[in-house]
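>>> test case, fold it:
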Amino acid sequence: MHCRNFKEFKGGLSQPKAEKAMHFDVSQFQVLIHDEIDDVLAEAWNPLVVNKSVFLLTHYFDALRILDENLSYRFACFLKDSKLVGVAAFQITMAESDNLNANFDKSGRWVRSVSKKLLGNRKMRFRVLVLGNSFATGEHGFVFNDQIEPYTQGALLLKAIDEIEADCKEKGNRISATVVKDFYPKSFGISEHFNEEGYAEFFVDPNMVMSLKPEWKTFDDYLASLTTKYRTKAKAAFKKSANIVLKDFDIEDLIAHREELFSLYEKVYDRADFRLGKLNAEVFSRMKENLGEAFTLKGYFLEGKLVGFQSAFKYENWIDTHFVGIDYNLNHEYSIYSRMLYEYIMMGIESGVKQISFGRTASEIKSSVGAYPIDVKCYIRHRTKTSNALLKLLFSYIRPSQFSQRMPFKQDVLKSIDDYQMH
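Sure, this is the predicted structure:
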């Protein structure tokens, strides 16, 4: 995953030009669709995705079995000459009209007005097929080996989508819309196929990514790289949160505090601008049980009460921050969220990773600790031509949220970093 040079951030977000999509005969490949993760051959699947996405490991999906009946999965295996060369994971979920609170620019306000007049206070429910992960930001929907060219990957993904949609229709569970989420600039050559197939293209808020310099051996080394202003802000956050006690949760802790964790998670979830999936109180303990040290969750206690938590997935070279929970009534006074961001950086330095993926919310505050935006492109298509035309019009007004990119590092630190790469 590539991000533009630091100097370009002041000039706004430029979009790399995608390579021209090519029609490709996928008949030389076999596409197998499975309804359950147990049906895939884990011995072949996991080696293909390991260190590329925790969110594609079979034991990650096993942890999600306890989610409600409104969420189901489909798993695609792509074979060539009987060898597994790619995998993809799809979610089928029920989305409600009031959950699609995407960001519209000013010229799109009339869309909200018209929608309100048409729907009133009614909720509309849609069966949505999602290529990607509804619970995470980033390219977590598919992995191919390096021998499969980008345009081939796009064609195979479209074939899998067609087969899943046809199967759902035959079983009486017709898909209303298909969402393909979170392509980074390096993958725009893959995603161009979806433009040709009538999908509406739109950009959501960028993923905020931070590279950790190899010479940062301690958190103090990181602090020393900041300008006086941002080093003072960091120290102030630790001072305001000094009375908060942090605890690394094991499985027993996650079970004991599951209702409190879920309540704090809901407070953050309810503020999200675009929601396709929701966890439940059992998931965190299941994650820890299935993923072990690859999944961490840290509780924040104030006078014995849980007032926040942060979770993350650890890879070989990077950390993917996951869900957080915050008591917003205490957040400002105790700098809970700011403390969490610094704790993620501390975790990254101690783990020796190269990058931290912070996700796509609260971009400005994340930039103030050293993160920079990576563009994220998504696609959506409705099954009927008329509705799809309306969707294209609607989503043409979606714009990433505007924010002021902060530059917290000293000039000599900035000069030593050319760009960010996700490995």
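
>>> quick check: mean pLDDT of stretch 381-390?
Here stretch 381-390 scores 88 as its mean pLDDT.

>>> mind listing what's buried in that stretch?
Buried residues in stretch 381-390, defined by neighbour count with 16 or more other CB atoms under 10 Å: 381-382, 388. For glycine as for every other residue, the C-beta is placed from the backbone atoms N, C-alpha and C.

>>> and what of stretch 247-260?
For stretch 247-260, by 16+ other CB under 10 Å, it's 249, 253-255, 257-258, 260.

>>> quote the end-to-end distance of it.
One end of stretch 247-260 sits 15 Å from the other (CA to CA, to the nearest Å).

>>> and that stretch, average pLDDT?
96.

>>> chain center to stretch 342-361, what's the gap?
15 Å (CA atoms, centre = their mean, to the nearest Å).

>>> give me the distance between the two termini of that stretch.
Note: stretch 342-361 ends 16 Å apart using CA to CA.

>>> possible to save the buried residues of stretch 247-260 as TSV with distance to Ser191 and secondary structure?
Putting the buried residues of stretch 247-260 into TSV (distance: CB to CB, whole Å; DSSP: H, G, I helix; E, B strand; the rest coil) gives the following:
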residue	distance to Ser191	secondary structure
Phe249	37	coil
Asp253	41	helix
Leu254	36	helix
Ile255	40	helix
His257	40	coil
Arg258	38	helix
Glu260	40	helix
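
>>> just put those in CSV and tack on distance to Phe144.
Putting these into CSV (distance: CB to CB, whole Å) gives the following:
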residue, distance to Phe144
Phe249, 35
Asp253, 38
Leu254, 34
Ile255, 38
His257, 39
Arg258, 37
Glu260, 41
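
>>> for the residues you listed, which one is nearest Gln411?
Phe249 (40.0 Å; CB to CB).

>>> quick one: neighbours of the nearest residue to Lys377 once chain neighbours are set aside, just the number.
Spatial nearest neighbour of Lys377, excluding adjacent residues (CB to CB, 6 or more residues apart in numbering): Phe183 at 4.6 Å. Neighbourhood size, Phe183 [other CB atoms under 10 Å]: 26.

>>> show me the shaky parts of the stretch 201-350 of the chain.
In the predicted model of the stretch 201-350 of the chain, residues 273-277 satisfy pLDDT under 70.

>>> please, where are all the helices along it?
For the stretch 201-350 of the chain, helices defined by DSSP state H, counting those that start in this stretch occupy the ranges 219-224, 228-240, 251-256, 258-269, 283-291, 328-334, 336-351.

>>> not counting its own residues, what contacts the first one?
Same thing as helix 219-224. Contacting residues not belonging to helix 219-224 are listed as 212, 215-216, 231, 234-235, 342, 345-346, 349, 370 [CB atoms under 8 Å, 6 or more residues apart in numbering].

>>> what are the buried residues along that helix?
219, 222-223.

>>> what is the nearest of the residues you listed to Arg360?
Among the buried residues of helix 219-224, and counting by CB to CB, the member closest to Arg360 is Tyr222, at 22.8 Å.

>>> for this protein, which strand is longest?
Determined from DSSP state E, the single longest strand within the chain is strand 83-96.

>>> picking that back up, show me the contacts for the residue nearest to Lys377.
Phe183 makes contact with 139, 190-191, 376-378, according to CB under 8 Å, 6+ apart.

>>> need the max-distance pair from these.
Taking CB to CB, the two most distant members of those are Ile190 and Val376; they sit 13.9 Å apart.

>>> look at these two and report which has more neighbours.
The residue with more neighbours, out of Ile190 and Val376, is Ile190; 26 against 21, by other CB under 10 Å.

>>> you'd agree that one is in a strand?
No - checked against DSSP: H, G, I helix; E, B strand; the rest coil, Ile190 lies outside a strand; its state is helix.

>>> so how far is His257 from it?
According to CB to CB, to the nearest Å, Ile190 and His257 sit 41 Å apart.

>>> how much space between the closest residue to Asn331 other than its chain neighbours and Val324?
Using CB to CB, 6+ apart and skipping the chain neighbours, the partner closest in space to Asn331 is Tyr337 (5.7 Å). Tyr337 is 7 Å from Val324, where distance means CB to CB.

>>> which of those two has more neighbours?
Counted by other CB under 10 Å, Tyr337 and Val324 do not tie: Val324 has more neighbours, with 25 against 20.

>>> so the more buried one makes contact with Tyr300?
No - the pair Val324 / Tyr300 is not scored as a contact, 9.6 Å apart, by CB atoms under 8 Å.

>>> need the residues touching each of the two.
Common neighbours of Val324 and Tyr300 (CB under 8 Å, 6+ apart) are 308-310, 340.

>>> avg pLDDT for stretch 75-90?
Across stretch 75-90, the average pLDDT comes to 96.

>>> which residues does it contact?
Here stretch 75-90 makes contact (CB under 8 Å, 6+ apart) with 28-37, 39-41, 44-45, 48-49, 55-56, 61, 73-74, 129-131, 133, 140-145, 147-148, 153, 156-157, 160-161, 164.

>>> go again using 7 Å as the cut-off
28-34, 37, 40, 44-45, 48-49, 56, 73-74, 129-131, 141-145, 147-148, 153, 156-157, 160, 164 (CB atoms under 7 Å, 6 or more residues apart in numbering).

>>> return that stretch as PDB; C-alpha atoms alone will do.
Extracted as PDB, the C-alpha positions of stretch 75-90 are listed here (Å, rounded to 0.1, in the frame of the first residue of the first chain):
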ATOM      1  CA  PHE A  75     -16.000 -18.000   1.000                       C
ATOM      2  CA  ALA A  76     -14.600 -18.100  -2.500                       C
ATOM      3  CA  CYS A  77     -11.600 -20.300  -3.400                       C
ATOM      4  CA  PHE A  78      -9.900 -19.600  -6.800                       C
ATOM      5  CA  LEU A  79      -8.000 -22.500  -8.200                       C
ATOM      6  CA  LYS A  80      -5.700 -22.900 -11.300                       C
ATOM      7  CA  ASP A  81      -4.500 -26.300 -12.200                       C
ATOM      8  CA  SER A  82      -6.000 -27.600  -9.000                       C
ATOM      9  CA  LYS A  83      -3.900 -25.200  -6.900                       C
ATOM     10  CA  LEU A  84      -5.300 -22.600  -4.600                       C
ATOM     11  CA  VAL A  85      -4.200 -19.200  -6.000                       C
ATOM     12  CA  GLY A  86      -6.600 -16.800  -4.300                       C
ATOM     13  CA  VAL A  87      -9.300 -16.500  -1.700                       C
ATOM     14  CA  ALA A  88     -12.100 -14.000  -1.000                       C
ATOM     15  CA  ALA A  89     -14.500 -13.600   1.900                       C
ATOM     16  CA  PHE A  90     -18.000 -12.100   1.500                       C
END
